[in-house]
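Undergrad: Pasting the sequence and the predicted model now:
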Amino acid sequence: MAIRRLPACVGASLFIGSALPTPSFAQSSQENAVDQIVVTGTPRRTSAEEMAQPVTVLSGAALERAQGLNLGETLAAEPGVSASYFGAGASRPIIRGLAGTRVRTMEDGIDTMDVSTISVDHAVGIDTLAAEQIEVFRGPTTLLYGSGAVGGVVNTVTRRIPEKAPDRPFEGDVELRGDSALGERGGAVRLDGGGERFAWHVDGSHRTTDDYEIPGPAVVGSDERPGTLPNSDLNATSGAVGASWIGDNAFFGGSVSHFETNYGSPTEEDVRVDLHQDRVDLKGGWTGLSGALEAVNVRFGSNDYEHVELEGGEPGTTFKNRGQEARIELLTPPMGAWRGTFGTQLQDRQFEAIGEESFVPPVDTKNLGLFAIEQRDLDQWSVSLGGRVEHQRQEPTTPGLPDVDDNATSLSFSGLRKLGNGVAFALNAALAQRLPVAEELYAFGPHIASGSFEIGDPTLGKETSHHLDVGVRKTAGKTTWGVTAFYTDFANFTFPEATGENDEESGLPIFVYIQRAADFHGLEAELSRAVAEVGPGEIDVRVFTDYTVGRLAGGEHVPRMPPLRYGARVQYHTARLLTGLEATRYDEQNKLGAFETPTDGYTMVNADFGWAVTKNHALHLFVKGSNLLDEDARRSTSLVKDFAPLPGRSYAIGIRTSF
């Protein structure tokens, strides 16, 4: 089933598992009902309400309202999600306190294949302006997507490979946008067309920003005057061309895409990152089959990634990543009460870093995974059992470094129990194993972005965790709500620990990758209610909170954890208009890891206005105000929080036309 972008004034954000869908932005009449949002990041595409695993889906107006310069900033305010933030150019999602390699970022079900997990100053290779919707799976998703998804998955869904015949021979969108604090100037275009047996797609975008405005000094405790954050500008361009053959019960297509960005490092005024990424993607699907198979899904991606760290305009360290990934999913018809999905996933990655700051040697990584999931309905329960076995081989090309072979096994159980009146109980349990990545095994050298000299350990074993989350939610009626509590226990959590010594040549403190027991636990909750009908529209109120704690076995806190967060939103909506005001409080963070400084609390107040100028939504205007209190906000999850605050008060405006 293909996903259709909802009209911006009637879009929806779904927060399932630990909360609920927000009320639809339309009148209550059937003629204005919102289309059901379907999650594409699962073999058997289903509505988010029917999933036991906590998942957030951003689409339509909610995605437009959340739209940031990169993937991390677009998702940073979502339940259970924060972001790393290394200035405007680089920001990666953090899910329930787990970051980096434990959160997998994908585009249309295939890994982004960038190097954003290696260092926080590296950008994710996704342009969010091309997104149709963004799906966030919270908790282990290792069965489908491999050991790197032990914390969760972010899947960006696009139209780049059409899955069905177009409704019209030619249609598209053109969007222009700008932002005051960022000095952003940007635009995007999307074109779709074709006929009964052939569909095509073209998209492109470009945006440029200046050094962004900040409400106070850049460095904590400094007496400098407010102004702009030096070297925080960016320039980004993306584009794609795709086409598909469409059959009666099948499709097969491909796309070619390009993404490039050039952005500054706010901690080093003469350092910039110049990133280029080219991808080729293929996708196919067959449904309505007879015999042993009900449907087949095939997905392939090939990637050529390179970024150069420019120092004073001259090339410094170069990072290259060439990779391929393939997935085959076989869906079987019901066998008794059970329906099955079996599949395989293959990954091949060639990573190389050249230059003075190449603290990770060149490594070739090969990974093969086999997985199976069985689902059935039992009275009021929908249950799912699954398992995955995975083999990984790391082959460094530097003489003297050992190859590392290892296997991982993951098991999961989930259940959804309908209690009536739109209320459901959800349970998820998993044993997940994560295989170590190249930097954890082989790092040796100065890592300037993190201000450390890192040393890996080739003897590290796989990381084993046990996970449980329990939730209750109500998704029907004028009042909807949900709450989820989660707990994850790591037998051997892998992280860099300070030795207390400094490297003689660089002067940087030495950190060695080790493994210790750790646990993460927390809560996510939300409540929404339609409180009044005013004229042709309705007023809704939403309150929400989330909280995560991470501790090592000795009682020390895991560094850079998100603080307690809570807030509220009031909005008014009609069939053509949506306007809202929201405030979110981020508490101070004084549960600190080693060598970490505390983070003050702050309150973010935002407002937004969206209006379909024409009745058919062919012309749409949106305005957004962010950080209206002009807070000196510093994110506790950011490695550079003491040097790079979030942007100050900002006003964004945009216009989109559809045809």
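TA: Structure received.

Undergrad: rest of the way, CA atoms for contacts and neighbours
TA: Will do.

Undergrad: for the stretch 101-250 of the chain, what spans make up the helices?
TA: 142-145 (DSSP state H, counting those that start in this stretch).

Undergrad: now for stretch 227-241, what's the gap between its first and last residues?
TA: When the termini of stretch 227-241 are compared using CA to CA, to the nearest Å, they are 41 Å apart.

Undergrad: correction: stretch 169-187
TA: Stretch 169-187 stretches 24 Å from its first residue to its last (CA to CA).

Undergrad: Please apply the same query to stretch 104-124.
TA: End-to-end distance for stretch 104-124: 11 Å, by CA to CA.

Undergrad: ok, and for it, which residues are buried?
TA: Of the residues in stretch 104-124, those buried by neighbour count under the rule 16 or more other CA atoms under 10 Å are 104-117, 119-124.

Undergrad: So for that stretch, mean pLDDT?
TA: The average of the pLDDT scores along stretch 104-124 is 95.

Undergrad: contacts for that stretch?
TA: Contacts to stretch 104-124, defined as CA atoms under 8 Å, 6 or more residues apart in numbering, come from residues 41, 70-71, 84-86, 89-92, 100-101, 125-126, 148-149, 152-158, 265, 273, 299-301, 303, 305, 319, 321-323, 325-326, 439, 449-450, 639.

Undergrad: Those residues in strands, which ones?
TA: 152-157, 265, 273, 299-301, 303, 305, 319, 321-323, 325-326 (DSSP state E).

Undergrad: so where do the strands sit in the stretch 151-300 of the chain?
TA: Listed in chain order, the strands found in the stretch 151-300 of the chain under DSSP state E, counting those that start in this stretch are 152-157, 170-179, 184-194, 198-208, 213-214, 227-228, 234-246, 250-265, 268-286, 295-311.

Undergrad: hmm, I was thinking of the stretch 401-550 of the chain
TA: With strands called from DSSP E, counting those that start in this stretch, the stretch 401-550 of the chain shows them at 404-420, 423-434, 444-447, 452-455, 463-474, 479-502, 509-534, 537-552.

Undergrad: I'd like to know which elements the fourth one is packed against.
TA: Using 3 or more CA pairs under 8 Å, 6 or more residues apart in numbering; DSSP states H and E as the contact criterion, the elements in contact with strand 452-455 are strand 444-447, strand 509-534.

Undergrad: quick one: pLDDT of N32?
TA: Listed pLDDT for N32 reads 35.

Undergrad: burial of E196, as a residue count?
TA: E196: 15 surrounding residues under other CA atoms under 10 Å.

Undergrad: That one is in contact with S244, isn't it?
TA: No: the criterion here is CA atoms under 8 Å, and E196 misses it with S244 at 10.9 Å.

Undergrad: Report the contact partners of the most centrally placed residue in the chain.
TA: The residue lying closest to the centre of the chain (CA atoms, centre = their mean) is V154, at 3.5 Å. By CA under 8 Å, 6+ apart, V154 lies in contact with 103-106, 134-137.

Undergrad: Likewise for Q324?
TA: 300-303, 347-349.

Undergrad: I'd like these written out as JSON lines, with pLDDT added.
TA: Below are the contacts of Q324 laid out as JSON lines (pLDDT from 0 to 100):
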{"residue": "F300", "pLDDT": "98"}
{"residue": "G301", "pLDDT": "98"}
{"residue": "S302", "pLDDT": "98"}
{"residue": "N303", "pLDDT": "96"}
{"residue": "Q347", "pLDDT": "97"}
{"residue": "D348", "pLDDT": "97"}
{"residue": "R349", "pLDDT": "97"}
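
Undergrad: Which of those ranks first by neighbour count?
TA: In terms of neighbours by other CA under 10 Å, these top out with G301 at 25 neighbours.

Undergrad: and the residue lying closest to that one once chain neighbours are set aside, how far is that from S302?
TA: Using CA to CA, 6 or more residues apart in numbering and skipping residues adjacent in sequence, the residue nearest G301 is D281, 4.4 Å away. D281 sits 6 Å away from S302, taking CA to CA as the criterion.

Undergrad: go on, V541?
TA: Remark: distance between V541 and S302 (CA to CA) = 45 Å.

Undergrad: hang on, the earlier thing: which stretch in the helices and strands packed on strand 452-455 has the least confidence?
TA: Ranked by mean pLDDT, the helices and strands packed on strand 452-455 end with strand 444-447 at the bottom, a mean of 93.

Undergrad: Relative to that strand, what are the paired strands and their orientations?
TA: Paired strands of strand 444-447, with direction, are strand 452-455 (antiparallel) (DSSP bridges).

Undergrad: CA atoms only for the strand it pairs with, dumped as PDB, please.
TA: C-alpha atoms of strand 452-455 as PDB (Å, rounded to 0.1, in the frame of the first residue of the first chain):
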ATOM      1  CA  SER A 452      39.800  13.000  22.900                       C
ATOM      2  CA  PHE A 453      42.400  10.500  21.900                       C
ATOM      3  CA  GLU A 454      40.500   7.300  21.300                       C
ATOM      4  CA  ILE A 455      41.700   3.700  21.500                       C
END
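
Undergrad: Can you name the residues in contact with that strand?
TA: Residues contacting strand 452-455 (CA under 8 Å, 6+ apart): 359, 440, 442-447, 496, 502-503, 506, 508-513.

Undergrad: Return the distance of it from the chain's centre.
TA: Chain-centre distance of strand 452-455: 27 Å, with CA atoms, centre = their mean, to the nearest Å.

Undergrad: same thing with stretch 373-384?
TA: For stretch 373-384, the separation from the chain centroid amounts to 28 Å (computed by CA atoms, centre = their mean).

Undergrad: Now tell me what touches that stretch from outside.
TA: For stretch 373-384, using CA under 8 Å, 6+ apart, the contacting residues are 337-342, 385-387, 412-419.

Undergrad: That stretch: end-to-end distance?
TA: 7 Å.

Undergrad: following the helix or strand of the chain with the lowest mean pLDDT, which helix or strand shows up next?
TA: Ranked by mean pLDDT, DSSP states H and E, the weakest helix or strand in the chain is strand 13-16, scoring a mean of 48. Using DSSP states H and E, the helix or strand that follows strand 13-16 in sequence is strand 38-39.

Undergrad: show me where pLDDT drops low in this protein?
TA: Low-confidence segments of the chain, defined by pLDDT under 70, span residues 1-36.

Undergrad: Buried residues in the longest helix along it, which are they?
TA: Taking DSSP state H as the criterion, the chain has its longest helix at helix 60-66. Using 16+ other CA under 10 Å as the test for burial, helix 60-66 gives 60-66.

Undergrad: From P93, how far out is the nearest residue to G41 once chain neighbours are set aside?
TA: Nearest non-adjacent residue to G41, counting by CA to CA, 6+ apart: G109, 6.2 Å away. G109 sits at a distance of 17 Å from P93 (criterion: CA to CA).

Undergrad: picking up where we left off before, and which of the contacts of V154 is nearest to L592?
TA: Distance to L592 across the contacts of V154 (CA to CA) is lowest for V103, with 21.9 Å.

Undergrad: Relative to Y145, how far out is that closest one?
TA: Counting by CA to CA, the gap from V103 to Y145 is 11 Å.

Undergrad: of these two, who's got more company?
TA: V103 (27 against 24).

Undergrad: Can you tell me who the more buried one pairs with across the strands?
TA: Under DSSP bridges, the beta-bridge partners of V103 are G152.

Undergrad: my read: it touches P93, true?
TA: Yes: V103 is in contact with P93 according to CA under 8 Å; the separation is 7.5 Å.

Undergrad: Would you check that P446 makes contact with G507?
TA: No: assessed by CA under 8 Å, P446 is found out of contact with G507, at 9.2 Å.

Undergrad: So if I had to pick from the two, which one is more boxed in?
TA: Each of P446 and G507 has its neighbours counted (other CA under 10 Å); P446 has more, 25 against 13.

Undergrad: how many neighbours does the nearest residue to the more buried one once chain neighbours are set aside have?
TA: The spatially closest residue to P446, leaving aside those adjacent along the chain, is F453, at 4.2 Å (CA to CA, 6+ apart). Counted with other CA under 10 Å, residues neighbouring F453 total 23.

Undergrad: and if you look at D167?
TA: Residues contacting D167 under the criterion other CA under 10 Å number 12.
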